[in-house]
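[1] Fold the following, please.
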Amino acid sequence: MSDDDRLPLNAVLPWSVPAPRAGRDWPLAADPDTARARWTALLAAREEEARAALLVPSRARTLHTAVAQLPGQSTGTGRLARESGPAPEPVRVAFGPYEERFLLPDHRLLDAPRPELWRVADASQLFLVDDPRAPGLTVTALLPFGTGPGSRVHPLFRRPGGHEPNLAPGLLAHLASRYGRPVAPLDVLDWLLATARAAHPGREVRLPGTYEEWAAGAALGRGLREVALRGQGAHAGARPRLPGGRRPWVREALELSPRGVLPSLSYEPGDQALRVGEAGVLAPVAPAAWEAHSAGERVLTRWFRARVGDPGERGLAAIVPRAWPRAWTSDLLALLTDLTLHAERAAGCAEFAAAAAEGGRIGAAELRAAGVLPVPRAARRPATVLETREEGPEGQFALL
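    Residues are numbered from 1 along each chain as shown. Next up is the predicted model:
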């Protein structure tokens, strides 16, 4: 296929924005109580210099930065230097694939939260995340944080409520005509999850020439989506589980190490045992779960560090629970299952994509002839969405 006939991802999903970025670690916590405790500690610093040091100022955010509320949130918009109110209610966000954190959703704490994504985030929305360091795309029903540099987020819908698909205008109609079957936005997302692979430059998309291939690839992608959504959102079914004989169990109870001792996380391949802290043991744990990486780091290591902290940590990020909550053990067991299932299903998708790579396809030339391409400029910009009034800096209301 000639370069002129290749399809970049943004020819199929035109509207995307850079991934949200907090700019500091402490507003993202492993549990909501820790997030609230960090806010309380910030406001307990009465001297401006001390409060500024806890905030960790950046070029984008200082104690005197004036910004609007995040859409859908009811946080203050005055200067943080004089803030005295209660902590904003933490919200659950994605932190890389298969990991979650609780975020203090205050615009004054976040360097680049991408308000346009908050406006369209609801139970009907899905976000495709294109991290250039990952082999494929990932999907989440939560706002995605914690991605690698250069990552972009493609919402499936341009408006709340699952309205106006973020697809090249006319694409669904052309695919339906080509395949002789209706094609839904979710079908496109599933196909992309199964087949979109890294290319230079950017992410390359291949659309198959036959319905049989389309249906087979979309079914594989649906399997990835079922694992990735973790039972969340309108597009998630029951959370997939491993068969009983392969399911990890707690062999020895998990608990935190004494304060000042760096907790450990290790894996014993022979016993397929994950050792957590001083005494905790979970088994059987598939090697694929231990080896799973995201943004250049082991997923399990990042998950563990977020919960136990580091004795050398300073500032608000050093505030972590002093005991191991039972809920964390359940979360870890679920994460091990997700990582194992994802590795198995992703391997099947990679085999399918490799085998189908040289088959007939719908390329850019065909879509140009059908009037689907080039994508109109308006489709690459966010839709005008204003469901509620949004408070601007210092209590002013935004006029959008």
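[2] any idea how far residue 65 lies from residue 85?
    17 Å (CB to CB, to the nearest Å). Quick note: C-beta positions are derived from backbone N, CA and C, even for glycine.
[3] For the two, work out which one has more neighbours and name it.
    More crowded of residue 65 and residue 85, by other CB atoms under 10 Å: residue 65, with 18 against 10.
[4] How about the contacts made by that one?
    79-80, 108 (CB atoms under 8 Å, 6 or more residues apart in numbering).
[5] What remains of those if I keep only buried residues?
    Neighbour-count burial (16 or more other CB atoms under 10 Å) applied to the contacts of residue 65 gives 80, 108.
[6] can you list the contacts of residue 65 in JSON lines and add pLDDT?
    Formatted as JSON lines, these follow (pLDDT from 0 to 100):
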{"residue": "79", "pLDDT": "95"}
{"residue": "80", "pLDDT": "96"}
{"residue": "108", "pLDDT": "97"}
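[7] out of the contacts of residue 65, who's nearest residue 46?
    residue 80 (13.0 Å; CB to CB).
[8] That closest one reaches residue 63, doesn't it?
    Yes. Contact criterion CB atoms under 8 Å: residue 80 and residue 63 qualify, at 4.6 Å.
[9] what is in contact with the two at once?
    In contact with both residue 80 and residue 63: 51, 55, using CB under 8 Å, 6+ apart.
[10] In this structure, where's the longest helix?
    The longest helix of the chain (DSSP state H) is helix 326-356.
[11] ok, then the element right after that one?
    strand 361-362 (DSSP states H and E).
[12] Show me what that next one is in contact with.
    With CB under 8 Å, 6+ apart, strand 361-362 has contacts from 1, 174-175, 178, 206-209.
[13] Average pLDDT for the longest helix of the chain, rounded please.
    Averaging pLDDT along helix 326-356 gives 93.
[14] which residues does residue 296 contact?
    Contacts of residue 296 (CB under 8 Å, 6+ apart): 133, 148.
[15] at 6 Å what do you get?
    Going by CB atoms under 6 Å, 6 or more residues apart in numbering, residue 296 touches no other residue.
[16] and the helix or strand where residue 281 lies, how far from the chain's centre?
    Using DSSP H and E, residue 281 sits in strand 280-283. Here the centre of strand 280-283 is set off from its chain's centre by 27 Å, with CA atoms, centre = their mean, to the nearest Å.
[17] for residue 76, phi and psi?
    phi -70, psi 160 (degrees, to the nearest 10).
[18] Skipping adjacent residues, who's closest to residue 307 in space?
    residue 30 (4.5 Å; CB to CB, 6 or more residues apart in numbering).
[19] count of residues packed around the one you found?
    Based on other CB under 10 Å, the number of other residues close to residue 30 is 24.
[20] Residue 247 now?
    13.
[21] Likewise for residue 279?
    11.
[22] what sits against residue 4?
    Residue 4 touches nothing, counting by CB under 6 Å, 6+ apart.
[23] So it: helix, strand or coil?
    helix (DSSP: H, G, I helix; E, B strand; the rest coil).
[24] From residue 205, how far out is it?
    For residue 4 relative to residue 205 (CB to CB), the value is 15 Å.
[25] for residue 77, same thing?
    Counting by CB to CB, the gap from residue 77 to residue 205 is 40 Å.
[26] just the strands in the stretch 201-350 of the chain please.
    203-205, 207-208, 249-252, 265-268, 273-276, 280-283, 293-294, 297-298 (DSSP state E, counting those that start in this stretch).
[27] got it, and the stretch 51-200 of the chain?
    Going by DSSP E, counting those that start in this stretch, the stretch 51-200 of the chain shows strands at 91-95, 100-103, 127-130, 138-140, 144-145, 152-155, 157-159, 163-165, 197-198.
[28] worst average pLDDT in those?
    Across the strands of the stretch 51-200 of the chain, the lowest-scoring stretch is strand 197-198, with a mean of 72.
[29] Other residues contacting stretch 44-59?
    By CB under 6 Å, 6+ apart, stretch 44-59 touches 23-24, 42, 63, 81, 111, 315-316.
[30] would you turn these into a markdown table with pLDDT and distance to residue 168?
    Below are the contacts of stretch 44-59 laid out as a markdown table (pLDDT from 0 to 100; distance: CB to CB, whole Å):
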| residue | pLDDT | distance to residue 168 |
| --- | --- | --- |
| 23 | 95 | 33 |
| 24 | 95 | 37 |
| 42 | 98 | 45 |
| 63 | 98 | 44 |
| 81 | 96 | 47 |
| 111 | 97 | 31 |
| 315 | 93 | 46 |
| 316 | 96 | 44 |
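[31] how's the protein carved up into domains?
    Partitioning the chain according to automatic domain parsing yields domains covering residues 3-239+362-395, 244-352.
[32] most neighbours per residue, which of the ones you listed?
    domain 3-239+362-395 (a mean of 18; mean count of other CB atoms under 10 Å).
[33] Tell me where this protein has helices.
    9-12, 32-44, 48-55, 115-120, 171-179, 185-195, 211-228, 287-291, 299-308, 326-356, 364-369.
[34] Figure out which of the ones you listed is closest to residue 132.
    Nearest of the helices of the chain (CB to CB): helix 9-12, 11.2 Å.
[35] packing partners for the closest one?
    Counting contacts by 3 or more CB pairs under 6 Å, 6 or more residues apart in numbering; DSSP states H and E, helix 9-12 is packed against strand 203-205.
[36] I'd like the distance from the strand it packs on to the chain centre, please.
    So, by CA atoms, centre = their mean, the centroid of strand 203-205 is 19 Å from its chain's centroid.
[37] by contact count, what packs against it?
    Short answer (3+ CB pairs under 6 Å, 6+ apart): strand 203-205 packs on helix 9-12.
[38] okay, the nearest residue to residue 329 once chain neighbours are set aside: pLDDT?
    In space, and not counting its chain neighbours, residue 329 is closest to residue 254: 5.4 Å by CB to CB, 6+ apart. At residue 254, the predicted lDDT confidence score is 86.
[39] for residue 201, same thing?
    66.
[40] Thanks a lot, catch you later.
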